[in-house]
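In: the sequence isn't on hand, but the structure is:
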């Protein structure tokens, strides 16, 4: 299986299908993804937001983004890796790990060596060098979620 990790900034023609794909996976309004992706593609000199697709031919099989805040109270913990998703048929093949590594290195190349991640998963992100930091209140959530940190060396 030959897949390719593609930053949106290098494939702007993927914006619409990628926004629709993320909307389908996370039920966040498609326009919210489009707005963030437009910011990613604008020539404003900012490293955040960024969006990434894992492509198998013309099919999106995984993706993730980096945004300022992933809908939580800790605005000081920024930027956030968000919307990590791998299609079920492609899980357990190391794709998520490769995507996480790619994003961390890409962000470091743009001057950002520390990323945060809000999740309910326990044990998954630790495999890829992420460390539990604290519990955080998500916007509109009743229960606390786990906040992780990753520093790219």
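Out: Yep, that arrived. Everything numeric in this text was worked out from a predicted model, so none of it was measured.
In: how far out from the middle of the chain is whichever strand or helix holds residue 53?
Out: Using DSSP states H and E, the element containing residue 53 is strand 50-56. Centroid separation for strand 50-56 versus its chain: 9 Å, with Cα atoms, centre = their mean, to the nearest Å.
In: next one: stretch 27-39
Out: Taking mean C-alpha positions (Cα atoms, centre = their mean), stretch 27-39 and its chain are 13 Å apart.
In: quick revisit: what lines up beside the strand holding residue 53 in the sheet?
Out: strand 4-7 (antiparallel), strand 59-67 (antiparallel) (DSSP bridges).
In: now mean neighbour count, distance to residue 84 and mean pLDDT too, for these, in a markdown table please.
Out: Quick note: C-beta positions are derived from backbone N, CA and C, even for glycine. As requested, these are arranged in a markdown table below (neighbours: other Cβ atoms under 10 Å; distance: least, Cβ to Cβ, whole Å; pLDDT from 0 to 100):
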| stretch | mean neighbour count | distance to residue 84 | mean pLDDT |
| --- | --- | --- | --- |
| strand 4-7 | 15 | 13 | 97 |
| strand 59-67 | 22 | 4 | 98 |
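In: what residue ranges in this protein score low on pLDDT?
Out: The chain contains residues with pLDDT under 70 at 1.
In: could I get the full set of helices for it?
Out: 15-26, 30-41, 95-109 (DSSP state H).
In: and the longest one, what does it pack onto?
Out: Counting contacts by 3 or more Cβ pairs under 8 Å, 6 or more residues apart in numbering; DSSP states H and E, the secondary-structure elements packed against helix 95-109 are strand 4-7, strand 50-56, strand 59-67, strand 80-86, strand 114-119.
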